[in-house]
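In: sequence first, then the predicted structure:
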Amino acid sequence: MSPHAPAPYGGGYPDASGGHDPYAEQGAYAGQGTYAGGQGGYADPGQGTYADPGAYGAPGQYADPGRYPGRQDSYAPEPEPAAAEPVDPQAPADEPAGEEPEGPKGGRLATAAVFLVPTALAMALILRGIGDRQLWRDEHATWWAATLSFHDLSLLIRSIDVVFTPYYVLMHLWIAVAGDSPTAMRIPGALAMAASAGLLALLGRRLFTTQAGLLAGLAFAVVPATTRFGQEIRPYAFAVAAVLLSTLLLARALDKPSFKVWVAYTLSVPLIGWSHLASMAVLGAHLVMILIARRAGDRIVGWAYAAACTLGLCFVIPMAVSGSGQSGQIAWNNPVLKDLIDFPKNLFGSWAVAVPIMALGVLGLFFAGRRALPLAVWVVLPPVATYVTAAQLHLFLPRYLLFTAPAWVLLAAVAVVRIAGPVAGAKAGTGAAARRGLGWVLVAAAVAGIAFQSLPGIRETRQNALGEPDFRGAAQLIEAGQKKGDGIVFSGVMSERRAMDYELRDDAGRPRDSLMYRTPQELGSFGALECPDAAKCLVKADRLWLVSTTLDGQPFSGMPKTTATTIQKEFRVVRTRKLDNLQLVLLERTRAATDDSSKDDDAAKRKVHI
């Protein structure tokens, strides 16, 4: 028995419909489908040494890792044609080989099915009501930046959000084609998040089995956070997709290395950083995968990974360095212990989903074999690192760390499939088809259970973001009651000006922004500079619409004191409408203020009529 071979495992069975045995090190030959008579493990009838069916001898591929000098593992040396060593016709079941899995089987049709089924389910859930929920302040920021000219966008990113430049450029091009309705702007994120479910299924299939992969993809599709951020006009869905794509390519490069796959992995590294810098933490898990491969004897993989990361990071580091000087924009994010405690709920969308997935995920670590350590680093390192450095980097936010959720779901799927092994395995009967069918039934039951737990959270995700003002309702009231010459002013700290710019974007007769002194485009910012002398700037307005989001209920408390005093002196309140987290106040100029204004303008009027 090889000194490196682990203890045998007698339960479970390989997936004959695709994928490979994730527990190859635990006592079963990977890729074999025949039981040895009376044995608890698999044995390959008719041969006692491992014959590599796809020896890596093609150009651009690695040689058989079993032939590396100095390697000690359970691979038997390749027999010489002239003098083959005699071997036992059948290896004992208690001496398992330690070979690597051969990779997914089933061809392109099976691969397409594994990808498309979870993708279709996720897309169906995300598209339902995708345009109903109002945009919230971060989505308004995306709309504003993406609708700027490239010149104005270049001015903006010099002072803020340079790390989102690739996403803003993508959305600029998309909006130019599809328009800026909520539905249209949410389609790219929906496609990215739906594809993430399919990519997770492929990753699970490659690392474990087809059943584990499909269960992970389908479960991720019904998680409330998938719907929530699939309907978000922000780059978080792209970060999840980039992380999964890059990890899948790395797993493919380690299983069946080739120059093309390594090039594809190299190109995927910038995609991770361009989608969100926090997602670069997944490279820690990638490094662990490489170290495990090197320890197994693959000497070349370390150099390939170093080259790929070096080239890939060359496209990210300049942007990251520029963004480090703009960290003040998220300086408000200073998490406390309660934020850490609530992290699971906010990551998955509800406690009802987070608790079972994370509990099964922890259990899955014990069943994941050599895949356990990379997956553990994937789920633990990003939140721990961002929480510890929150005072400096301010990156500990569940939506920034959304890319860790697929790893939790994959571990949970591994646990479910492995627990179902004794039920769907050899003890279930002698019929392989019946056992596989029962296994799929258990997978479907697991998905149904997670979906049932997710339903309340999914309904909640389709409602307006908690605490966000009803800017859409305010815009509808203004459009119904506005008159020519009306002005609009703002009070609060909820980006009221940008939100109302969006909601009134198609209204040609919209009220004039009476207090705007310098535009955001001129400042290279998301906010405008307001008039220092409110009386002069308001002289042409007979009526004002005040949009207030103050928390104390006082509509004027969120604006400069001099401006509020001027408005209250020269205008009177006609009516006030209270909406969700917003007050809309209509004001009319008083007669006294009108008379004073007429006196001030006498000289100008006489000059016009002479």
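Out: Here it is on my side, so go on. Numbering: from 1, shown residues only.

In: measure Gln231 to Val585 for me?
Out: Counting by CB to CB, to the nearest Å, the gap between Gln231 and Val585 amounts to 32 Å. (Each C-beta comes from the backbone N, C-alpha and C, glycine too.)

In: my bad, Thr566
Out: Using CB to CB, we find Thr566 at a distance of 15 Å from Val585.

In: what's the answer for Gly473, then?
Out: Gly473 is 14 Å from Val585, where distance means CB to CB.

In: neighbour count for those two, which is higher?
Out: Set side by side, Gly473 and Val585 show unequal neighbour counts under other CB atoms under 10 Å, the larger going to Val585 at 21 against 16.

In: show me what contacts the residue nearest to that one when sequence neighbours are not counted?
Out: Distances taken as CB to CB, 6 or more residues apart in numbering place Leu546 nearest to Val585, at 4.0 Å, with adjacent residues excluded. Taking CB atoms under 8 Å, 6 or more residues apart in numbering as the definition of contact, the neighbours of Leu546 are 488-491, 555-556, 567, 583-587.

In: assign a three-state SS to Leu546, would you?
Out: Per DSSP: H, G, I helix; E, B strand; the rest coil, the secondary structure class of Leu546 is strand.

In: list the beta-bridge partners for it.
Out: Beta bridges link Leu546 to Val489, Val585 when assigned by DSSP bridges.

In: who are the packing partners of the longest helix anywhere in the chain?
Out: Of all segments of type helix in the chain, defined using DSSP state H, the longest is helix 432-461. With contacts taken as 3 or more CB pairs under 8 Å, 6 or more residues apart in numbering; DSSP states H and E, helix 432-461 sits against helix 210-222, helix 224-230, helix 351-367, helix 405-419, helix 421-424.

In: quick check: buried residues in that helix?
Out: Judged by neighbour count using 16 or more other CB atoms under 10 Å, the buried positions of helix 432-461 are 435-436, 438-439, 442-443, 446-447, 450-451, 453-454, 457-458, 461.

In: from those residues, which is closest to Leu340?
Out: In terms of CB to CB, no member of the buried residues of helix 432-461 lies closer to Leu340 than Gly457, at 20.4 Å.

In: the closest one and Pro224 touch, don't they?
Out: Yes. In this structure, Gly457 is within contact of Pro224 by CB atoms under 8 Å, at 3.1 Å.

In: what touches both of those two?
Out: Shared contacts of Gly457 and Pro224, counting by CB under 8 Å, 6+ apart, come down to 348-350, 353.

In: nearest to Pro383 among those residues?
Out: The shortest distance between Pro383 and any of those, using CB to CB, involves Phe348 and amounts to 12.9 Å.

In: how many neighbours does the residue nearest to Gly361 when sequence neighbours are not counted have?
Out: Take Gly361 and drop its neighbours on the chain: the residue closest to it by CB to CB, 6+ apart is Leu411, 3.8 Å away. Using other CB under 10 Å as the criterion, Leu411 is surrounded by 30 other residues.

In: residues contacting Leu202?
Out: Applying CB under 8 Å, 6+ apart, we find Leu202 in contact with 111, 114-115, 213, 217, 248.

In: most neighbours, which of those residues?
Out: Of all the contacts of Leu202, the highest neighbour tally under other CB under 10 Å goes to Gly217, namely 32 neighbours.
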